[in-house]
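> Make a model of this:
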Amino acid sequence: MKRILKISGMAFLVMLFCAMRTPASAQEPMPSVTYQTFYDDLSPYGDWIDYPQYGYVWHPRVADFRPYSTDGHWVWTDEYQWMWVSDYNWGWAPFHYGRWLYDDFVGWVWVPGYEWSPAWVEWRTGGDYYGWAPLGPGVNISMNFSFGRYSPPYDYWSFVPRNYILSPRVYDYCVPRSRNTVIINNTTIINNYNKTNNVFVTGPDRLEVERYTGRVNAFQLRESRNPGRTEIRRNTVNVFRPQVQQNNDERRLAPRNFERYDRQNGNVFQQRNQEIVNNDRRNDIDRRANQNSNGIEQRNNDNSDMVRRQAQMKRLQDIQRQQQQQQIEQRNNQFDRRDQEVNRQNELRRQQEQRNIQQQQQQNRNAFEQRQNEMRQQQEIQRQQQEQRSFGQRQNEMRQQQQDAQRQQQQEQRNFDRRQNEMKQYENQRMQQMRQQQQQQQTDQRRQWNAEKQNNGSERRQQFDQSNQQKQNSFQQRQSRNDGQGNGNGNGRGHGKHD
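As a prediction, this is how the structure comes out:
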């Protein structure tokens, strides 16, 4: 039992140790390379040339080669958007590092570089086409860079109908280069480049492409440990993406075999390219020539038979040329039919968009008229409310004025009554004073009369009585006159002057 527990514990420790080592190995940094790796790995597939302006450049040994066009296709990656997946074993380097240049005497040559990118290209769109062209050497991508200031030559561009941009054989759908100038005049530059994780990224928008191709499958980028062909497995793209070390003394690194560049050398490369193009054709001719030579030897150098076979070979060559011409014509016809179909689809799409625009305009007009009517109704309601508020305000002002007038009248009435009371009090005081004076006078007169009566007798008493009677009459008249004036002032409501 103890032995079993001991063995189980040791097995557990071994498993734990392996589990700890696995992540550490997965997190190992990617290998780094130098230009010497480019020189060595690409030498079997092409020729290195000591170019006057850019140093060592590489020319692939491929017939009718065009970068980012032959033997490859485009895929969409989650991290770096549009990536060129090459079918060549050497495609990990020239399509993701450096730049491409077309030389009139050599052809396409690759200038090595240090930075990795999913594709060093410039894009155009328009006229139902997508197009791309390799960036030339010396194009420095910076924050202030604009593709509008860089214009690759017209024959650098590859154009395909938009619905074939994701085709695994995209080269089969590229239009002839003779039509590039017309297409360039009807397209615009896609200038939405950026840097993701310090990597140059550009290309058309994914949602826009899905309008023409349907759903665009997204691939995940996986880094391979060894150089070689880029592989696609399910939804992953495995590519060798090492870091390129910068060497201050690059001239110490050099290909083992290279050629000097000159125009004569360029003619040699042109001849070599022509030989590569005609290689298959020569092989067929050689096989047929060998068969013919064997037949001639078997027939004991029959000259007539050789002439006949030579004529047959000539006819075969003519037939091959005719077939090639027919294939070229068929391909052009296919492009013409494809263009016609694309134009028809574009016309249908344009008509549908025109109808949609008209419907949208009609809806906009209806909505505008509805908003206008609503605004008029709101303005009318606001006007009525304003008039009601103004009418209510005027009524309130009139009520306030009436109330003010009533208060003023009441105040004037109170002031008038107060003055009347004051006048009555004043008149009563005067009447009381006059009565008191009259009584005092009467008392004095009586006293005087009694005195005179006693002194003068009855005559004087009579005179005094008459005089007193006259005074009473005049006093009564004056009193009645004063009473008449007081009644006139009371009925006149304040008219007249009062002392």
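> Distance of residue 436 relative to residue 469?
Here residue 436 is placed at a distance of 21 Å from residue 469 (Cβ to Cβ, to the nearest Å). Yep, even glycine has a C-beta here, placed from its N, CA and C like the rest.
> Also residue 133?
In terms of Cβ to Cβ, residue 133 sits 150 Å off from residue 469.
> all helices in this structure, in order from the N-terminus.
2-26, 35-42, 180-185, 206-213, 263-277, 279-298, 303-456, 458-491 (DSSP state H).
> Can you check the pLDDT for the closest residue to residue 202 other than its chain neighbours?
Spatially, and ignoring its direct neighbours in sequence, residue 202 is nearest to residue 193 (3.8 Å; Cβ to Cβ, 6 or more residues apart in numbering). Per-residue confidence (pLDDT) for residue 193: 75.
> what's the burial count for the closest residue to residue 54 other than its chain neighbours?
Among residues not flanking residue 54 along the chain, residue 111 sits closest, at 4.7 Å (Cβ to Cβ, 6+ apart). When neighbours are counted by other Cβ atoms under 10 Å, residue 111 registers 20.
> which residues does residue 111 contact?
51, 54, 55, 57, 98, 99, 100, 101, 137 (Cβ atoms under 8 Å, 6 or more residues apart in numbering).
> what's the farthest-apart pair in these?
Spanning the widest gap among the contacts of residue 111 are 55 and 100, at 15.1 Å by Cβ to Cβ.
> Those two: which is more packed in?
residue 100 (23 against 16).
> which residues touch the more buried one?
67, 68, 94, 108, 109, 110, 111, 120, 134, 135, 136.
> and if we set it to 6 Å?
Taking Cβ atoms under 6 Å, 6 or more residues apart in numbering, we find residue 100 in contact with 67, 110, 134.
> Next one: it from residue 89, what distance?
Taking Cβ to Cβ, one finds residue 100 at 18 Å from residue 89.
> Equivalent analysis for residue 81, please.
25 Å.
> Kindly report the same for residue 476.
Residue 476 is 157 Å from residue 89, by Cβ to Cβ.
> How about residue 246?
Residue 246 is 26 Å from residue 89, by Cβ to Cβ.
> Between these two, which is the more surrounded one?
Counting neighbours by other Cβ under 10 Å for residue 246 and for residue 89 shows that residue 89 has the greater number, 13 against 9.
> Skipping adjacent residues, who's closest to the more buried one in space?
residue 229 (4.8 Å).
> Grab the nearest non-local neighbour of residue 181.
Residue 181's closest residue in space is residue 154 (Cβ to Cβ, 6+ apart), at 5.3 Å.
> Revised request: answer the last question for residue 79.
Closest residue to residue 79 apart from its sequence neighbours, by Cβ to Cβ, 6+ apart: residue 221 at 5.6 Å.
> how about that neighbour, what does it touch?
Contacts for residue 221 (Cβ under 6 Å, 6+ apart) come out as 77, 79, 237.
> neighbour-wise, which of the residues you listed leads?
residue 237 (20 neighbours).
> and the nearest residue to it once chain neighbours are set aside, how many residues sit next to it?
In this structure, residue 237 finds its nearest non-sequential neighbour in residue 219, 4.8 Å apart by Cβ to Cβ, 6+ apart. Residues within reach of residue 219, counting by other Cβ under 10 Å, total 20.
> got it, and residue 54?
18.
> Just the pLDDT for it.
On the pLDDT scale, residue 54 gets 90.
> beta partners of the residue nearest to residue 79?
Residues in a beta bridge with residue 221, per DSSP bridges, are residue 237.
> Distance from the longest strand belonging to the chain to the middle of the chain?
Criterion DSSP state E: the longest strand present in the chain is strand 107-116. Counting by Cα atoms, centre = their mean, to the nearest Å, strand 107-116 is centred 35 Å from the centre of its parent chain.
> Tell me the buried residues in it?
107, 108, 109, 110, 111, 112, 113, 116 (16 or more other Cβ atoms under 10 Å).
> Please determine how far the fifth one is located from residue 253.
For residue 111, the distance to residue 253 equals 15 Å [Cβ to Cβ].
> for the fourth one, same thing?
Between residue 110 and residue 253 the distance, using Cβ to Cβ, works out to 16 Å.
> before we move on, back to that, okay, residue 133 and residue 469: which has more neighbours?
The residue with more neighbours, out of residue 133 and residue 469, is residue 133; 25 against 10, by other Cβ under 10 Å.
> Could you give the bridge partners of the more buried one?
Residues in beta-bridge contact with residue 133 (DSSP bridges): residue 122.
> Now do the same contact list for it.
122, 152, 156, 157.
> Relative to residue 432, which of those residues is nearest.
Distance to residue 432 across those (Cβ to Cβ) is lowest for residue 122, with 126.2 Å.
> Residue 387 - how many residues pack around it?
When counting by other Cβ under 10 Å, one arrives at 10 neighbours for residue 387.
> in this protein, which residue is closest to the centre?
In the chain, the centroid-proximal residue (Cα atoms, centre = their mean) is residue 192; its distance is 11.9 Å.
> and residue 407, how far is that from residue 399?
Applying Cβ to Cβ to residue 407 and residue 399 gives a distance of 12 Å.
> nope, residue 185 is what I was after
81 Å.
> Let me see the ranges of the strands in the stretch 51-200 of the chain.
Counting by DSSP state E, counting those that start in this stretch, residue ranges of the strands within the stretch 51-200 of the chain are 55-60, 72-77, 81-86, 97-103, 107-116, 121-126, 129-134, 158-161, 188-190, 194-196, 199-201.
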